[in-house]
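Engineer: could you work out the structure for the sequence below:
(chains A and B)
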Amino acid sequence: MTTITLENLRKEFDDVVAVDGLDLTIRDGEFLVVVGPSGCGKSTTLRLLAGLETATDGEIRMDDRDVTGTEPPERNVAMVFQNYALYPHMTGRRNITFGMNAGGSFTDEEIDRRVAEAAETLDITGLLDRKPQAMSGGERQRVALGRAIVRDPDAFLMDEPLSNLDAKLRIQMRAELTRLHAELGTTTVYVTHDQTEAMTLGERVVVMDDGRIQQVDPPQSLYDFPANRFVAEFIGDPAMNMIDVAVEGGVAVHDAFRIPLPAGNAAGETGSEAESLADPDAGDRPHAVLGIRPEDLHPARERPDLGETEFDATVDVTEPLGDSLLVHCSVGDATFKMSAEPRSSLEPGGTVSVTYDPERLHLFEPETGEAFYHSATAPAPSDRLERVVND
Amino acid sequence: MSTREIFDGRLEAALLLAPTLLVSVVFLYYPTALAFRTSLFDSGFGRAEEFVGLENYLTLLGSSAYHSSVVISVVFAALVVAGTIAVSLYLTFLIHEVDTGQGWYLISVIWPYALPPAVAALVFLFVFHPTLGVLTGPIEALGLEVDWFNDGPQAFLVVLLVAIWKQIGYNVIFMIAAMKNIPDALTETAELDGVGRLHRLVSVYVPIMTPTLFFLVIINTIYAFFGTFAFVDLLTSGGPANATNVLIFDLYREGFSFFNFGVASTKSVVLFLVVAVLMVIQFRLTEEYSYYGA
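Structural biologist: Numbering: from 1, shown residues only, chains lettered A, B, ... in the order given. Next up is the predicted model:
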């Protein structure tokens, strides 16, 4: 049980800044997921936590202990790697016990007891006498997890542990990790580039880009209140549509359409929590970026309940996804994607009348990308919309 | 098209194989057959050849000098192989671990391999010469007497040192390649578990490197028996008192100093058999203990 605190943590490789001044508190017993694109510094952060890299600047504390300069074994953390990192010449059991034996701080009976426990928890008793070569990817990763948990570490550090597994197994292991965490309650830091994994596993999710933290929030807040364009576009698949607009008198104005903005939330500096309500009328802006997720746009005839504000767009491409139809549309110089009923009769080249969920609009600064407006928590959409339209 | 149909006919295939076959037959198979034939004859300079059957073999079987040469060769080979592997492995590990200047360390370890054996022998002659040697003074300052021109075990040690030193480069090249192939994550896991450096080398790296190490054991064995002639010839000439009279040098002397071609051929056949038997044993062990990873 450990709280991990990072303060102004920085790591440079020659002239490349991999981690650029991180401030973060990982709470006791929390499952924290760090997500971001390749090269965003997430793995480096994890390696800094493990002690496999030395921080250029800043501080790492575990509870009240400063571990910034200490060697990996003294931190008492266990790491699980993407490629499992099992010793190929050792059996499952030997893989699990090798580190414990080397450490010399466990008696043989203690080791046997712990291995039996871990094997039980992970259902790997049958694998203990096999070598990794004779195990499947999922089995190997389970043995690797076993190796991590027998040592009863203060924290688990997981570096994309599911990336080498096939899709089905990944979903299964995801659920197992959640169960394991609920059972053990050990502070866990989990690094991934897969936003689905981040959303499903994390109690809180850290989105990183370019060595910096973009946002730290529970998954749903991250999705509903992205702090900036990067987070908005990174979280969610297909990505959020971004359309250049102007804001005039509480309306997002584009050459081809006008979308009234319900009085919503002004995003805070880091967008962490919904903050004070702000009236969009207050500030007209010649340039802003309107963000709407594809699933919040609909063909008007499918969702008459959403109100009367609609605009016409041209269908460019349709992609059947099974449970929905993804429609690529264009309107004026803007293109966007929209989610339609799976068996809609939309054809490329045709025109479609588009409506949207007024509770799910976001506005971003065009230059900095910071979110300055989320329409969520606005009052009931229909009457509000009518009022604006009537204006 | 199956691979069998690449060539139009047997003639074309035979033509393409001919150069390799020709070289093999002229320089390998024919001399081997000739050596075996000569071993059955009493043959020498200016003497008529006389068929003696297995007499040469019986002579060697009863020769205590030859027996001691076999023992010296086997012990020498074992020490060369073990010493070369151990020293090279540790040097490779140090080079692998170092962060800066890896290339320079590598070059400095590998260059002796590029030296002709005769030059290497001369270098050591001047390093360890009992009166003129560069290191003789410092060693004698430690209270040891450097006298390998007269002291058999010392001479054996000097030849052993050159033989190992000369072969390190070759071993390191292969070992560093094998060691660099070991995933970093294994090293890091071991580090996180608090596995000590040497323990990591012995328990993690060496088992994974076994295919390379067994290959090197075989190459080093052949080297120890056949490739160390120049060191013995230039440093000790088999002496003092036959202390360094390894088989390859012994048969050379038999043939080209005493001109007993028949006996020399017999000795070369025996040497061939000794090495062949060792190879078979080593290959068997390789199959059994070598780990070929997934």
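Engineer: what about the residue in chain B that chain A sits nearest to, how many neighbours?
Structural biologist: Relative to chain A, the nearest point of chain B is B:Asp193 (2.7 Å; CB to the nearest CB). For the C-beta atoms, the positions are set from N, CA and C on the backbone; glycine is no exception. If you count neighbours by other CB atoms under 10 Å in any protein chain shown, B:Asp193 ends up with 20.
Engineer: phi and psi next, for it.
Structural biologist: phi -80, psi -10 (degrees, to the nearest 10).
Engineer: show me what contacts it?
Structural biologist: Counting by CB atoms under 8 Å, 6 or more residues apart in numbering or on different chains, B:Asp193 touches A:Pro73, A:Phe98, A:Gly99, A:Met100, A:Ala102, A:Gly103, A:Arg151.
Engineer: can you read off the pLDDT for it?
Structural biologist: B:Asp193 is assigned 85 on the pLDDT scale.
Engineer: could you do A:Phe98 as well?
Structural biologist: 90.
Engineer: follow-up on the earlier one: determine which two of the contacts of B:Asp193 are furthest apart.
Structural biologist: Taking CB to CB, the two most distant members of those are A:Pro73 and A:Phe98; they sit 13.3 Å apart.
Engineer: please enumerate the helices of the stretch 51-200 of chain A.
Structural biologist: Under the criterion DSSP state H, counting those that start in this stretch, the stretch 51-200 of chain A contains helices at A:72-75, A:92-103, A:108-122, A:137-150, A:167-184, A:195-201.
Engineer: any idea how far B:Asn171 is from the residue nearest in space to the middle of chain B?
Structural biologist: Using CA atoms, centre = their mean, the residue of chain B that lies closest to the mean C-alpha position is B:Tyr223, 1.8 Å off. From B:Tyr223 across to B:Asn171, the span is 10 Å (CB to CB, to the nearest Å).
Engineer: same question for B:Pro183.
Structural biologist: From B:Pro183 to B:Asn171 the distance is 22 Å (CB to CB).
Engineer: for the one residue in chain A that gets nearest to chain B, what are its contacts?
Structural biologist: Chain A approaches chain B most closely through A:Gly99 (2.7 Å), counting by CB to the nearest CB. For A:Gly99, the contact set (CB under 8 Å, 6+ apart) comprises A:Arg147, A:Arg151, B:Thr189, B:Ala190, B:Leu192, B:Asp193, B:Gly194, B:Val195.
Engineer: next one: A:Gly322
Structural biologist: By CB under 8 Å, 6+ apart, A:Gly322 lies in contact with A:Pro342.
Engineer: the one 5 residues further on too?
Structural biologist: Under the criterion of CB under 8 Å, 6+ apart, the contact partners of A:Val327 comprise A:Pro299, A:Val315, A:Val317, A:Thr318, A:Glu319, A:Lys337, A:Met338, A:Ser339, A:Ala340, A:Ser344, A:Leu346, A:Val352.
Engineer: write a ChimeraX command that selects only the buried members of those residues.
Structural biologist: Restricted to buried positions by 16 or more other CB atoms under 10 Å in any protein chain shown, the ChimeraX selection for the contacts of A:Val327 reads:
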select /A:299,315,318,337,338,339,340,344,346,352
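Engineer: out of the contacts of A:Val327, flag the one nearest to B:Phe156.
Structural biologist: Lowest distance from B:Phe156 to the contacts of A:Val327 (CB to CB) belongs to A:Glu319, with 79.2 Å.
Engineer: which helices and strands sit right next to the helix or strand hosting that closest one?
Structural biologist: Under DSSP states H and E, the secondary-structure element containing A:Glu319 is strand A:311-320. Packing contacts for strand A:311-320, counted by 3 or more CB pairs under 8 Å, 6 or more residues apart in numbering or on different chains; DSSP states H and E, involve strand A:325-331, strand A:334-340, strand A:351-356.
Engineer: run the last query once more with 10 Å
Structural biologist: When contacts are defined as 3 or more CB pairs under 10 Å, 6 or more residues apart in numbering or on different chains; DSSP states H and E, strand A:311-320 sits against strand A:297-299, strand A:325-331, strand A:334-340, strand A:351-356.
Engineer: next, count neighbours for residue 117.
Structural biologist: Defaulting to chain A. 14.
Engineer: wait, chain B was what I had in mind.
Structural biologist: By the measure other CB under 10 Å, the count of residues near B:Pro117 is 17.
Engineer: and it, what pLDDT?
Structural biologist: So, for B:Pro117, pLDDT stands at 91.
Engineer: isn't it right next to B:Phe231, touching?
Structural biologist: Yes - if you go by CB atoms under 10 Å, B:Pro117 and B:Phe231 touch, sitting 6.5 Å apart.
Engineer: and for those two, which residues touch both?
Structural biologist: Both B:Pro117 and B:Phe231 are contacted by B:Val162, B:Ala163, B:Lys166, under the criterion CB atoms under 10 Å, 6 or more residues apart in numbering or on different chains.
Engineer: where do the domain boundaries of chain A fall?
Structural biologist: A:4-230, A:239-378 (the TED database).
Engineer: most tightly packed of those?
Structural biologist: When the domains of chain A are scored by mean count of other CB atoms under 10 Å in any protein chain shown, the highest mean neighbour count falls to domain A:4-230 (a mean of 19).
Engineer: can you tell me the SS state at A:Ala288?
Structural biologist: In three-state terms, and counting by DSSP: H, G, I helix; E, B strand; the rest coil, A:Ala288 is strand.
Engineer: show me the contacts for it.
Structural biologist: Per CB under 10 Å, 6+ apart, neighbours of A:Ala288: A:243-247, A:252-253, A:261, A:363-366, A:372-373.
Engineer: repeat that for A:Glu183.
Structural biologist: Residues near A:Glu183 by CB under 10 Å, 6+ apart: A:Thr121, A:Ile149.
Engineer: model confidence score at it, please.
Structural biologist: Model confidence at A:Glu183 (pLDDT) stands at 90.
Engineer: returning to that earlier point: and the residue nearest to the centre of chain B, which of the three is it?
Structural biologist: Applying three-state DSSP: B:Tyr223 is helix.
Engineer: check A:Ile213 too.
Structural biologist: What three-state DSSP gives for A:Ile213 is strand.
Engineer: what residues are bridge-paired with it?
Structural biologist: A:Met208 (DSSP bridges).
Engineer: next, A:His254: phi, psi?
Structural biologist: Residue torsions, per degrees, to the nearest 10, at A:His254 are phi -120, psi 160.
Engineer: done for today, thanks.
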